[in-house]
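**Student:** sequence plus predicted model, see below.
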Amino acid sequence: MTDNAARQLAAELPDLEAYWMPFTGNRAFKSSPRMISRAEGVHCYTHDGKKLLDAVAGLWCCNAGHCHPKIVEAIQKQAETLDYSMAFQLGHPKVFELANRLSEISPEGIDYAFFVNSGSEAVDTALKMALAYHRLRGEGARTRLIGRARGYHGVGFGGISVGGISPNRKMFGAQLPGVDHLPHTHNLEHNARSRGLPEWGAHLADELENIVALHDASTIAAVIIEPIAGSAGVLLPPKGYLERIRKICDRHGILLIFDEVITGFGRAGDAFAARRFNVTPDLITVAKGLTSGAVPMGAVLAKGDIYDTFMTGPPGAIEFFHGYTYSGHPLAAAAGCAALDVYRDEGLFERARAMEQAFEDALHSLENEPHVIDVRNFGLIGAVELEPIADQPTARALAAFRSCFDNGVIVRTTGDILAFSPPLIIDEAQIEQIVESVRGALRAA
Ligand SMILES: Cc1ncc(COP(=O)(O)O)c(C=O)c1O
């Protein structure tokens, strides 16, 4: 942007100082803002009219594309009809409808939905469900929670405790006690440039047996993992890994939670990664694509057995002392139902699967570009990993991000990894545009 254009933009914008932005370099942003003021389909538009192809679907969430007319209409209609009703001891029809619709597309046996407002809340809710479930069954000593290195489960205290991303943890004290971590599955020596799931590494699941041996199964409540780790840079499960984790959990009576906040709603080429991989966990956390990003909402999807375990005690008693003022908010529920309609009517989960090969081929054409040390993909999620500049971690990816932005494409960076998760309506020409923009950025650097 020229100095003149920057000055003009600043004159048209509100004062930027008071807003403390999340996961953002506030000072850098405010000195050179990138403002998005409008979006439609796969495109966003900046305040000053620049058109951008959104290669990350917002933040892995706008799976149906931005401002889908049917979702917009559903939200508008709901806002005129019922803006809010008390979430405790009262209900409204849309939220029951959404729960029913989710049970139709969930893996078999996962029939219940508990609504929250974000992925972080979904994770903390699922962890609490797991602890309470064991206690209700008379196994109250099962209090340990097992996460995974490089896992991202949001920013609540539960989520950062089981999560495995150091900067998200280190400033925030001791966190939950009794948490342990599996190793992550990312290994460039064995699996660099994998197309789809890597061949090597299923044995890494066996580390769970060592953790069980160390603590004893009778103390472990749950294992939580992302079937495909997203925020740490698209880390794929080796073939057979998730099946092995499932088996070990079964052997020891440990609940398995899949955090599908990113992989849910088509991203992995099916309604849920659990369905695509044919591995059914006990609880699934979702958010993001649940409303196609249009209204904040998350949920924990639970097996019938878990719900039934709670449905005891005196009639009329509250069974789970947990919930949020905005659990199942009418606007979010309406957006969720409309998003599920769009996914079904436009066949978007199938479309994601159908576009997978073109996406894979296009991304892997970047393998030999400067500084690329890995390219990986599954469904409509992918990553290009760059060799970090010595003593300047993240600088290479940030430079590529800026260059792509200037060239009209929004990508996501995490460390020195460029991540891609386009809306499921993306077409081949647009995939090409994303990849050529990255190629240009890498060559220019
Ligand atoms: C796997 C996973 N879990 C949880 C979260 C947290 O979701 P939210 O930002 O809505 O709290 C995220 C966000 O990216 C995520 O990727």
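**Tutor:** That came in fine, so what should we check first?

**Student:** surely Phe184 and Tyr152 touch.
**Tutor:** That one is not Phe; residue 184 is His. No - using C-beta atoms under 8 Å, His184 makes no contact with Tyr152, being 11.1 Å away. To be clear about C-beta, it is placed using only N, CA and C from the backbone, and glycine gets the same treatment.

**Student:** higher neighbour count, the two?
**Tutor:** Tyr152 (26 against 17; other C-beta atoms under 10 Å).

**Student:** list the residues that contact that one.
**Tutor:** Gly163, Gly164, Ile165, Asn168, Glu226, Ala229, Gly230, Ser231, Ala232 (C-beta atoms under 8 Å, 6 or more residues apart in numbering).

**Student:** show me what contacts the fourth one?
**Tutor:** Think Asn168. Going by C-beta under 8 Å, 6+ apart, Asn168 touches Tyr152, Val155, Ile160.

**Student:** Gly119 versus that one, what's the distance?
**Tutor:** Taking C-beta to C-beta, to the nearest Å as the measure, Asn168 falls 13 Å from Gly119.

**Student:** just the last one next, same as before
**Tutor:** When C-beta to C-beta is the yardstick, Ala232 and Gly119 sit 14 Å from each other.

**Student:** ok, these two, which is more surrounded?
**Tutor:** Ranked by neighbour count (other C-beta under 10 Å), Ala232 and Gly119 place Gly119 first, with 31 against 22.

**Student:** just to check, that one is in contact with Val261?
**Tutor:** Yes - between Gly119 and Val261 there is a contact under C-beta under 8 Å: 3.7 Å.

**Student:** overlap in contacts, these two.
**Tutor:** Gly154, Thr285, Val286, Ala287, Lys288, Gly298.

**Student:** closest to the ligand out of the residues you listed?
**Tutor:** Closest approach between these and the ligand, by C-beta to the nearest ligand atom: Gly154, at 3.1 Å.

**Student:** what's the local residue count around that closest one?
**Tutor:** Around Gly154 there are 23 other residues, counting by other C-beta under 10 Å.

**Student:** contacting residues for it?
**Tutor:** Neighbouring residues of Gly154 by C-beta under 8 Å, 6+ apart: Ser118, Gly119, Ser120, Glu121, Ala122, Val123, Asp124, Ile160, Gly163, Val261.

**Student:** same deal with Pro69?
**Tutor:** Per C-beta under 8 Å, 6+ apart, neighbours of Pro69: none.

**Student:** now it: how far from the ligand?
**Tutor:** Remark: distance between Pro69 and the ligand (C-beta to the nearest ligand atom, to the nearest Å) = 25 Å.

**Student:** how deep is Val435 tucked in, by neighbour count?
**Tutor:** 23.

**Student:** picking up where we left off before, any common contacting residues for His184 and Tyr152?
**Tutor:** Gly164, Ala229, Ala232.

**Student:** what's the residue in the chain that the ligand sits nearest to sitting at in phi/psi?
**Tutor:** Shortest the chain-to-the ligand distance, computed as C-beta to the nearest ligand atom: residue-wise this is Gly119, at 2.2 Å. When read as degrees, to the nearest 10, the backbone of Gly119 gives phi -70, psi -40.

**Student:** any weak-confidence spans in this protein?
**Tutor:** Low-confidence segments of the chain (pLDDT under 70): 1-11.

**Student:** element containing Asp180, please.
**Tutor:** Asp180 is located in strand 179-182, with elements delineated by DSSP states H and E.

**Student:** next: Arg443.
**Tutor:** helix 428-444.

**Student:** and for the residue nearest the centre of the chain, nearest residue in space, chain neighbours not counted?
**Tutor:** Centroid check for the chain by C-alpha atoms, centre = their mean gives Ile262 as the closest residue, at 2.4 Å. Nearest non-adjacent residue to Ile262, counting by C-beta to C-beta, 6 or more residues apart in numbering: Gly230, 3.7 Å away.

**Student:** burial measure for the one you found, as a count.
**Tutor:** 26.

**Student:** tell me the gap between stretch 106-126 and the middle of its chain.
**Tutor:** The chain centre lies 13 Å from the centre of stretch 106-126; the measure is C-alpha atoms, centre = their mean, to the nearest Å.

**Student:** ok, stretch 201-211 next?
**Tutor:** 24 Å.

**Student:** one step back: can you pull the phi/psi pair for the residue nearest to Ile262?
**Tutor:** Residue torsions, per degrees, to the nearest 10, at Gly230 are phi -100, psi -60.

**Student:** now do the contacts for it.
**Tutor:** Contacts here follow C-beta under 8 Å, 6+ apart; on that basis Gly230 touches Trp60, Tyr152, Val261, Ile262, Thr263, Ile381, Ala419, Ser421.

**Student:** any idea how far Asp259 is from it?
**Tutor:** For Gly230, the distance to Asp259 - C-beta to C-beta - is 9 Å.

**Student:** so Met355 is in which element?
**Tutor:** helix 348-364.

**Student:** ok, and for that helix, which residues are buried?
**Tutor:** Residues of helix 348-364 classed as buried: Leu348, Phe349, Arg351, Ala352, Arg353, Met355, Glu356, Phe359, Glu360, Ala362, Leu363, His364 (neighbour count, 16 or more other C-beta atoms under 10 Å).
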